[in-house]
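Predicted model and sequence follow; I will ask about them next.
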Amino acid sequence: MESSPMSAIHRMLPASTEVATPSIRQEFTLKLTPFDQRPYRKLIAARAETIRRVVEKLKPVMGLKNALDAGCGVGFFSKTLDECRLNVCGFDGRKENIIEARKRFPSLGFETADIQDSSILELGRFDFVLCCGLL
């Protein structure tokens, strides 16, 4: 693997059996970030488990329906919140993180925004706000 923080993996997927032409292949590129390094992935997994436990306890008591992931990076914790059955919006100040988050988790909403800019209020109102690792 390259030593640069944004190396890339290029993969070819076999065509789906639903595609009429079997020779068609889906192609995508996944950028590896520092968050994809093994030690950081272990930390992400531990944090995600803690998030799941907290949300599972708070959700019925507080009636949580949606969540904001402030400083979402490439979306790992946004996905965790989605797995907790919350409607999720994530934002990050780095455009390249948002581009990658949208590739990794296309069913979730991600925006580029600065936490210090009042325009983040336009993202909406949320029952739960996660700010893990930003501050």
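Thanks, I have it. As the structure is a prediction and not an experimental result, all values here were calculated from the model.

which one is residue 48 nearest to, not counting chain neighbours?
residue 80 (4.4 Å; C-beta to C-beta, 6 or more residues apart in numbering). In this view, the C-beta of every residue, glycine as well, is placed from N, C-alpha and C.

For the one you found, give me its contacts.
For residue 80, the residues meeting the contact criterion (C-beta atoms under 8 Å, 6 or more residues apart in numbering) are 48, 51-52.

Only the buried subset of these, as a ChimeraX command please.
The buried subset of the contacts of residue 80, as determined by 16 or more other C-beta atoms under 10 Å, is captured in ChimeraX by this line:
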select :48,51
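
Okay, and which of the contacts of residue 80 map to helices?
Cross-referencing those against helices under DSSP state H gives 48, 51-52.

what are the ranges of the helices in the protein?
Secondary structure of the chain (DSSP H): helices at 38-62, 76-83, 95-104.

most packed of the ones you listed?
helix 76-83 (a mean of 22; mean count of other C-beta atoms under 10 Å).

so that one versus helix 95-104, what angle?
Computed by axes from the mean of the first three to the mean of the last three C-alpha atoms, to 10 degrees, the angle separating helix 76-83 from helix 95-104 equals 40 degrees.

CA atoms only for helix 76-83, dumped as CSV, please.
This file holds the C-alpha atoms of helix 76-83, laid out as CSV (Å, rounded to 0.1, in the frame of the first residue of the first chain):
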residue,chain,number,x,y,z
PHE,A,76,-18.2,5.2,9.6
PHE,A,77,-20.2,6.5,12.6
SER,A,78,-23.0,7.7,10.3
LYS,A,79,-23.4,4.1,9.2
THR,A,80,-23.4,3.0,12.8
LEU,A,81,-26.3,5.4,13.5
ASP,A,82,-28.1,4.2,10.4
GLU,A,83,-27.7,0.6,11.7
